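Novice: Output the structure for:
(one chain, ligands or ions: 1)
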Amino acid sequence: MGSTSTGATAIADDRRRRRVLFFPLPYQGHINPMFQLAGVLHSRGFAITVFHTHFNAPDASFHPDYHFVLVSGDVMSPTPADSPDTVQATVEHILAVNRSCEAPFRHLLAVLLARRLWLPVPEQEEEEEDDVACLVADAHLLTLLDVARELGVPTMALRTGSAACFRFFTAFPLLCDKGYLPAHESSSELDAAVVELPPYRVGDLPSARSAAAHVQMGEVISRAVTAVATSTGLILNTFDALEASELASLRRDRDLAGVQVFDVGPLHKLSPATSSSLLHPDRSCLDWLDAQPQRSVLYVSFGSLASMSSSDVEETAWGIAGSSVRFLWVLRPGIVSGAGAPPPLPDVLDAAVAGGRGVVVRWAPQEEVLAHAAVGAFWTHCGWNSTVEAVCAGVPMLCTPCFGDQMGNARYVVDVWRNGLMLAGGEVERGKVADAIAAVMGEGGEEVRRRAMELKSSAAESIGEAGSSSIMVDKLVSHIQSL
Ligand code: UDP
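Specialist: Numbers count the residues shown, from 1 in each chain. Alright, predicted model coming up:
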């Protein structure tokens, strides 16, 4: 790879435009931050190539300046959204994506490096254009990071979860040795503190349903740690004021010696607004929000992968209807595992919609929804992107984590940041739902609303001039330029 010695802001003056290659894991919650990162680097003058699978392929028409490369591996295993055991299906699918993309990615990258195929023909004749600086791949794509390094391309890993979650990844073998994992079913044990990893409790740790799935989950976690440890940098969509001690702990970790940690979040606030949505968002809900009073609407969405039983959907509907607040509910196709479409909603909810009290959509423009003045609370599964988006918007959260890192994210929301409440016992039952909505949106919810606004300010500070994340982006740009 060529090297340049330009400073962070001087790329435009440099004769060579450097190209950064990206390879997201093909899920919505991983694609969004990867495209946001690409947006940030593109706005700093880098050229962008995105490798992607056929499965969950991004829409290239939203990014006319980027160069897209289809890696046509055959990803045959069941996708998480199709499976009743989301953890097991996710780990199997991650391993399958790595396996199936290895050979085609190796071939495509070698050809691209040799022929610089991203350039339109006339530009190709110009000297010194577009040398490849590095590959930024999802930390779950170890095989592809290895391929890039073998072909001489430096690598960086993007982890799309929190710093705390990656700290859990690095501590996974210790937690197994100490007997925390695999977790046992007894509720008293699930409530026990993980002494080595506060504030987590045992029930917050991602766990698999079977011994075999636990082994596979350990493999995926250990591969992600290796992917980071063998890269030149770890990029995280978080910011210093949110996770200062977790970031400090990662920077002290001897297994990650030599890996620079770049906390450059909230990425969606730093990146120019473009869409990387796999589903078409229903923007009509924004018009409906325009007509609602300030902070009056409960926004309900459980992300792109979490599934519910039909009876949970029904209890959710009854609970929302019984709460008497205004609502915007995302009922995504596939929310009920094994069923293509959500079940019919109870009449009481249909009546609320018909009366104008609420709206149900298949997919929402979530960042805009959360930023809308009419939204007063967010009932969420606590995916990391949703959590960061809610923090930035100053919207208090009602948490029902489902799997993976979501329980840990909810722990931070409820116990550390205190900008949200847990749905009692995590149980979706109509009475508890209505009570929880009242608790977060009603008079008793002042404290979580106050904390939500404080966090919003610290997120804004982090991306302001001389804010921690703005400085980190400068450092990241310099780092890539030095590769
Ligand atoms: N999202 C969206 N519209 C919706 C629901 C979700 O645009 O109706 C976006 C949301 O803004 C977030 C991503 O999808 O960026 C979901 O990622 P997250 O990490 O919250 O959850 P996951 O889908 O990975 O479980």
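Novice: What mean pLDDT does the longest helix along the chain get?
Specialist: In the chain, with assignment by DSSP state H, the single longest helix is helix 86-115. Predicted confidence along helix 86-115 averages 92 (mean pLDDT).
Novice: For burial, what's the neighbour tally of the residue lying closest to Asp191 once chain neighbours are set aside?
Specialist: In space, and not counting its chain neighbours, Asp191 is closest to Arg201: 5.7 Å by Cβ to Cβ, 6 or more residues apart in numbering. For the C-beta atoms, the positions are set from N, CA and C on the backbone; glycine is no exception. By the criterion of other Cβ atoms under 10 Å, Arg201 has 19 neighbours.
Novice: How about Val194?
Specialist: Val194 has 21 neighbouring residues, counting by other Cβ under 10 Å.
Novice: didn't Asp415 look like it was pressed against Pro198?
Specialist: No: assessed by Cβ atoms under 8 Å, Asp415 is found out of contact with Pro198, at 9.4 Å.
Novice: which ones are touching Asp255?
Specialist: The contact partners of Asp255, taken as Cβ atoms under 8 Å, 6 or more residues apart in numbering, are 170, 225, 229.
Novice: Give me the distance between Met382 and the ligand.
Specialist: Slight slip there: residue 382 is Cys, not Met. Computed as Cβ to the nearest ligand atom, to the nearest Å, the Cys382 to the ligand distance reads 8 Å.
Novice: Kindly report the same for Ser386.
Specialist: From Ser386 over to the ligand (counting by Cβ to the nearest ligand atom), the distance is 3 Å.
Novice: Sticking with that residue, tell me its helix or strand.
Specialist: Ser386 belongs to helix 384-393 when assigned by DSSP states H and E.
Novice: How about the residue of the stretch 251-400 of the chain found nearest the ligand: what's its closest non-neighbour residue?
Specialist: Proximity of the stretch 251-400 of the chain to the ligand (Cβ to the nearest ligand atom) peaks at Gly383, 2.3 Å away. Nearest residue to Gly383, sequence neighbours excluded (Cβ to Cβ, 6+ apart): Gly303, at 4.2 Å.
Novice: picking up where we left off before, closest to Pro293 among the contacts of Asp255?
Specialist: Thr170 (46.1 Å; Cβ to Cβ).
Novice: For the closest one, report the pLDDT, please.
Specialist: Looking at Thr170, the pLDDT reads 98.
Novice: The helix or strand it falls within near the ligand at all?
Specialist: Assessed by DSSP H and E, Thr170 sits inside helix 163-177. No: using Cβ under 6 Å from any ligand atom, helix 163-177 never reaches the ligand; the gap is at least 11.1 Å.
Novice: Glu429: neighbouring residues, count only.
Specialist: Glu429 has 17 neighbours, counted by other Cβ under 10 Å.
Novice: which residue sits closest to it, ignoring its sequence neighbours?
Specialist: Glu315 (5.6 Å).
Novice: Was I right to think that neighbour contacts Ala434?
Specialist: No: between Glu315 and Ala434 there is no contact under Cβ under 8 Å: 10.3 Å.
Novice: circling back: buried stuff in the longest helix of the chain?
Specialist: Neighbour-count burial for helix 86-115, counted by 16 or more other Cβ atoms under 10 Å, picks out 86-98, 100-102, 104-106, 108-109, 112-113.
Novice: and that helix, what does it pack onto?
Specialist: When contacts are defined as 3 or more Cβ pairs under 8 Å, 6 or more residues apart in numbering; DSSP states H and E, helix 86-115 packs onto strand 47-52, helix 142-150, helix 211-229.
Novice: redo that, cut-off 10 Å
Specialist: Other elements packing on helix 86-115 under the criterion 3 or more Cβ pairs under 10 Å, 6 or more residues apart in numbering; DSSP states H and E are strand 18-23, strand 47-52, strand 67-70, strand 131-138, helix 142-150, helix 211-229.
Novice: Next up, phi/psi of the residue nearest to Asp191, please.
Specialist: Arg201 adopts backbone torsions of phi -110, psi 160, taken as degrees, to the nearest 10.
Novice: what's the spacing between it and Gly179?
Specialist: Noted for Arg201: a distance of 15 Å to Gly179, by Cβ to Cβ, to the nearest Å.
Novice: re earlier: so is the longest helix of the chain next to the ligand?
Specialist: No: using Cβ under 6 Å from any ligand atom, helix 86-115 stays clear of the ligand, coming no nearer than 9.4 Å.
Novice: that older thread, I'd like the mean pLDDT over the strand or helix carrying the residue nearest to Glu429, please.
Specialist: Element membership for Glu315, per DSSP H and E: helix 310-323. Across helix 310-323, pLDDT averages out at 92.
Novice: And the next helix-or-strand element following it, what does it pack against?
Specialist: Next in sequence after helix 310-323, counting helices and strands by DSSP H and E, comes strand 326-330. With contacts taken as 3+ Cβ pairs under 10 Å, 6+ apart, strand 326-330 sits against helix 284-290, strand 297-301, helix 310-323, helix 347-354, strand 358-361, helix 366-371, strand 375-380.
Novice: Could you tell me the angle between strand 326-330 and strand 297-301?
Specialist: Orientation of strand 326-330 against strand 297-301 (axes from the mean of the first three to the mean of the last three Cα atoms, to 10 degrees) gives an angle of 10 degrees.
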